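Trainee: Model the following, please.
(chains A and B)
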Amino acid sequence: MAGLTHASPTIDVAVPLEGRPRRISPGFEAWRKFRRHRMAVASVVILTVLTSAVVLGPLIWRVPINEIDFTARLTSPSWQHPFGTDDLGQDLLARMLYGGRISLAVGFAAMAVAIIAGTLIGAISGISRGSVDAVLMWVTDLFLALPQLPLLLLVIYLFRDFLKNLVGPEAGVFILIVMVIGGFRWMPVARLVRAQFLSLREKEFVEAARALGATTPRLVIRHILPNSLGPVIVAGTIDVAAAIIAESTLSFLGLGFPPDIPTWGRLLFDAKDYLDIAPHWALFAGAAIFLTVLAINFIGDGLRDALDPRKVM
Amino acid sequence: MGKYILRRLIIALPSLLGISLILFVLLALAPGDPFGELATNTNIPPEVRAALRVKFGIDDPILIRYVRWLVAMLQGDWGFSFSSRIDVDKLILQRVPTTLFVVGSSQILALAVALPVGVYAAMRPYSIFDQIANTLAFVGFSLPTFFTGLLLILIFSVNLGWLPFVYRADIAATGWHWYWENFKQAIMPVAVLGLFQAASYTRYVRSAVLDVIRLDYVTTARSKGLHEGKVIVKHVVRNALIPVVTLVALQMPAVFGGAIVTEQIFRIPGIGSLLITAILANDTPVIMAVTFVFACLVVVFNLLADIIYGWLDPRISYH
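Mentor: Coordinates of the predicted model:
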């Protein structure tokens, strides 16, 4: 394996040693590597700006999202409506800020579901040998082979009304979408965690802890899990982007949130019939999804360089 | 090789069964009773209602209902579409070729872009070309298909007027003209789906080629005096393709998901748009059948990947 070229340029950078070796904490080391990925750093800035815009924006831009004004239908961007208006004369900037909150919240919540489920299944599978491991991995492979979008649509079709009656239209759809998107994205995490567990549990430090009388739960929680989190964080970042795309896709197909909640995908869905007279409507919403997803993907790439010297795709 | 294919087929069967079980459990768990309407209708006496329930076996244990449903599916009895007034299997058979055509051509386009770009980028890692290709790949898989689709429609149909934005299955033309019209209307959907996949495939190809290009056997091939093109194509790419095939197979569910979106944007009469129409029309038999067909397609393409895998690396098929 002489002269193996790595997939990324920031691996194996020699730490400059002036005089005696300085103590470098793992967190600082990761940050030093992450900083070298310029696009990732720029993406952190972009994502911070976008997130604070959707979180704080509605406090500053106080136009209601459902103020109908037929005299200002489908107007192009102007000072009064910086992003223009839609077919009912509603202000698009206000709608985008509100919808962005939902899109980002879905992304992060679905990521959390996927990470928790994946880590749990991967950890159980990795620590227990034999039939438990075999069955869990068969289920993981089965889920990997499932056509996700059709099943997402099917689940939402079957359970939408039930949850709507249970906890109200907005919360019901939110929970449903988050659970379903997260429920179809835990498999890569489970595989990563299992692979990490399989190699870590044979390491000397785990053996030492076991020899000292640590119970299996303690071994897992204190020793193995913290050491296997690097790739999980990277996968989690990518999952946020994938979940945002999945939610936008559902909304774009008209099957996500109800029509009065303007998520970015929903805005595109509504805008697509007015492409010829009001292209700004679709362009702003699409650009917002694109920018967010691109920034998150670049951050994931930077984190991969920083936390995980091996390739995980 | 024949034995290997047979073994993969036998392994594929349990996953199909598993998928069908998941589908059926979902349907069974879903709230809402198919006989709910009868329960509220006061004209139907309770005895008749009970008799109907027994006849259709609604109250049987779930396992028995599953077996009954599976047997019906295997016999080709896929139910009757409420909204189209036609047998579900006929409806789907009409639509599947269009979907396969779009998905197939987009995969060919994706590989035709990704293979040369990925290999070239890996031959000169960190060069300008590599960096541009890498950035473009990131942009490519961050652009959701529904947005690129709308952008292409905006540019090529609305502004330039070059391409039609509604896909028509019944083109009133013959001979070359028919092919030309078909080609024109397929450009945008195939490009949207193909380029999206090409972005991630390019990254797979690049990293797979990087893994093998500096190995000793490649140096040996070069020092034998082989032509550089031959070294790359016969020695590097063939081995690099093995992990790529796995990753491409893992992408299959996403590819068919992308097909649904693309079919919806360009109104292609495939099974993806059929699924959306059926959901909007609450047409449960069609929804179940289309989802199952998608699952089967994914399994079939995974099987295909396994076979290619065995061909690329003969060691695999001997085990």
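
Trainee: just for the stretch 51-200 of chain B, where's the confidence low?
Mentor: For the stretch 51-200 of chain B, the stretches flagged by pLDDT under 70 are B:52-59, B:82, B:169, B:171, B:173.

Trainee: Surely residue B:240 is in contact with residue B:204?
Mentor: No - judged on Cβ atoms under 8 Å, residue B:240 makes no contact with residue B:204 at a distance of 9.3 Å. To be clear about C-beta, it is placed using only N, CA and C from the backbone, and glycine gets the same treatment.

Trainee: Would you mind measuring from the residue of the stretch 151-300 of chain B found nearest chain A to residue B:144?
Mentor: Among the residues of the stretch 151-300 of chain B, residue B:257 lies closest to chain A, at 3.2 Å counting by Cβ to the nearest Cβ. Taking Cβ to Cβ, to the nearest Å as the measure, residue B:257 and residue B:144 are separated by 11 Å.

Trainee: So for the two, which residues contact both of them?
Mentor: Common neighbours of residue B:257 and residue B:144, using Cβ atoms under 8 Å, 6 or more residues apart in numbering or on different chains, are residue A:249.

Trainee: For stretch A:39-56, output the C-alpha coordinates as PDB.
Mentor: Extracted C-alpha coordinates of stretch A:39-56, given in PDB (Å, rounded to 0.1, in the frame of the first residue of the first chain):
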ATOM      1  CA  MET A  39     -15.300  26.200   2.000                       C
ATOM      2  CA  ALA A  40     -16.400  24.600   5.200                       C
ATOM      3  CA  VAL A  41     -15.500  27.700   7.200                       C
ATOM      4  CA  ALA A  42     -17.400  29.900   4.700                       C
ATOM      5  CA  SER A  43     -20.300  27.500   5.000                       C
ATOM      6  CA  VAL A  44     -20.400  27.900   8.800                       C
ATOM      7  CA  VAL A  45     -20.700  31.600   8.300                       C
ATOM      8  CA  ILE A  46     -23.400  31.200   5.700                       C
ATOM      9  CA  LEU A  47     -25.400  28.700   7.800                       C
ATOM     10  CA  THR A  48     -25.100  31.000  10.900                       C
ATOM     11  CA  VAL A  49     -26.400  33.900   8.900                       C
ATOM     12  CA  LEU A  50     -29.300  31.800   7.500                       C
ATOM     13  CA  THR A  51     -30.200  30.300  10.800                       C
ATOM     14  CA  SER A  52     -30.200  33.700  12.700                       C
ATOM     15  CA  ALA A  53     -32.200  35.200   9.800                       C
ATOM     16  CA  VAL A  54     -35.000  32.700  10.200                       C
ATOM     17  CA  VAL A  55     -34.800  32.700  14.000                       C
ATOM     18  CA  LEU A  56     -34.500  36.500  14.500                       C
END
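
Trainee: so how many other residues sit close to the residue in the stretch 51-200 of chain A positioned nearest to chain B?
Mentor: Using Cβ to the nearest Cβ, residue A:149 is the residue of the stretch 51-200 of chain A that sits closest to chain B, at 3.2 Å. By other Cβ atoms under 10 Å in any protein chain shown, 25 other residues sit near residue A:149.

Trainee: Please report how far residue B:292 lies from residue B:282.
Mentor: 18 Å.

Trainee: Settle it for me: which of these two has more neighbours?
Mentor: residue B:292 (21 against 11).

Trainee: so the more buried one touches residue B:21, yeah?
Mentor: No - under the criterion of Cβ under 8 Å, residue B:292 makes no contact with residue B:21, lying 11.3 Å away.

Trainee: The residue lying closest to residue A:228 once chain neighbours are set aside: how many residues sit nearby?
Mentor: Nearest residue to residue A:228 in three dimensions, chain neighbours excluded: residue A:196, at 3.3 Å (Cβ to Cβ, 6 or more residues apart in numbering or on different chains). Residue A:196 is flanked by 21 other residues according to other Cβ under 10 Å.

Trainee: is it true that residue A:196 touches residue A:126?
Mentor: Yes - under the criterion of Cβ under 8 Å, residue A:196 makes contact with residue A:126 at 7.2 Å.

Trainee: count of residues packed around residue A:139?
Mentor: 15.
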